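Visitor: what's the 3D shape of this:
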Amino acid sequence: MEPSKTAGSQVEEAGSRFDTLLLISAFALLIGGLAAYYVLDPALPKFARLLLLLASVAGAVAAIYRTAIGQTLWSHIQGSRVEIRKVVWPTRQESLQTTLVIAVFVLIVALMMWGLDASLLWAVQKLTGRGA
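Guide: Residues are numbered from 1 along each chain as shown. Just a heads-up that it's a prediction; the model follows:
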C-alpha cells in the first residue's frame, strides 16, 4: 500500500508542477497579448492588434482550462448553468404587479418624508424666530 501512496503523491506533485507552469504561461500570454496590442500600435491596424489580443486571451483560457483550477472552475460554471435552468421566472403580469406595488410604496414613503421635512422646517423656523 505504501508504494501506491508514494506513486500517487508523485503524480499529484508532477501535476501541480505542470499546473503551475500552465498558469505561468497563461499569465505570460495575457501580458504578452496586452503588451503587443499597445506596442504594435503604429505598426499594425487596430483589427489585427485586436485579433492578436483575442488569440492571446484564447490561448490563456485554454492553458488555464488544462489545470486543476480550470477544471474546478468549469465544473462550477456547468453547475451554475444547471441551477439557472431550475429558476422559476415570474410572468409578465407578476412583474408588472410587483413593479406597481413598489412604485406605490415609494410614492407613499416620499410623501411621508416630504411631510416630515416640511413639519421639521416649520418647527425649526418657529423655534428660531425666522418664520414668516
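Visitor: burial of Ala103, as a residue count?
Guide: Counted with other CB atoms under 10 Å, residues neighbouring Ala103 total 10. Glycine gets a C-beta too; all of them are placed from N, C-alpha and C.
Visitor: Val101: which element?
Guide: helix 92-128 (DSSP states H and E).
Visitor: how does the chain divide into domains?
Guide: Using automatic domain parsing, the domains assigned to the chain come out as 1-87, 90-132.
Visitor: ok now the longest one, how far from the chain's centre?
Guide: The chain centroid and the centroid of domain 1-87 are separated by 17 Å, computed with CA atoms, centre = their mean, to the nearest Å.
Visitor: need the winner for burial among the domains of the chain.
Guide: Greatest average neighbour count among those goes to domain 1-87 (a mean of 12), per mean count of other CB atoms under 10 Å.
Visitor: centroid-nearest residue for the protein?
Guide: Ile77 (12.5 Å; CA atoms, centre = their mean).
Visitor: which pLDDT value belongs to it?
Guide: Confidence at Ile77, expressed as pLDDT, is 93.
Visitor: which residues of this protein score low on pLDDT?
Guide: The chain contains residues with pLDDT under 70 at 1-15, 131-132.
Visitor: and the helices in it?
Guide: 2-39, 46-65, 68-86, 92-128 (DSSP state H).
Visitor: C-alpha coordinates for the third one, CSV please?
Guide: As requested, the backbone C-alpha atoms of helix 68-86 are provided in CSV (Å, rounded to 0.1, in the frame of the first residue of the first chain):
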residue,chain,number,x,y,z
ALA,A,68,-6.9,21.5,-11.9
ILE,A,69,-8.1,25.0,-11.1
GLY,A,70,-9.5,25.4,-14.6
GLN,A,71,-11.3,22.1,-14.4
THR,A,72,-12.8,23.0,-11.0
LEU,A,73,-13.9,26.4,-12.3
TRP,A,74,-15.5,24.8,-15.4
SER,A,75,-17.4,22.3,-13.2
HIS,A,76,-18.7,25.3,-11.1
ILE,A,77,-19.8,27.1,-14.3
GLN,A,78,-21.6,24.0,-15.5
GLY,A,79,-23.3,23.6,-12.1
SER,A,80,-24.5,27.2,-12.1
ARG,A,81,-25.9,26.7,-15.6
VAL,A,82,-27.9,23.7,-14.3
GLU,A,83,-29.2,25.8,-11.3
ILE,A,84,-30.2,28.7,-13.6
ARG,A,85,-32.4,26.3,-15.6
LYS,A,86,-34.2,25.4,-12.3
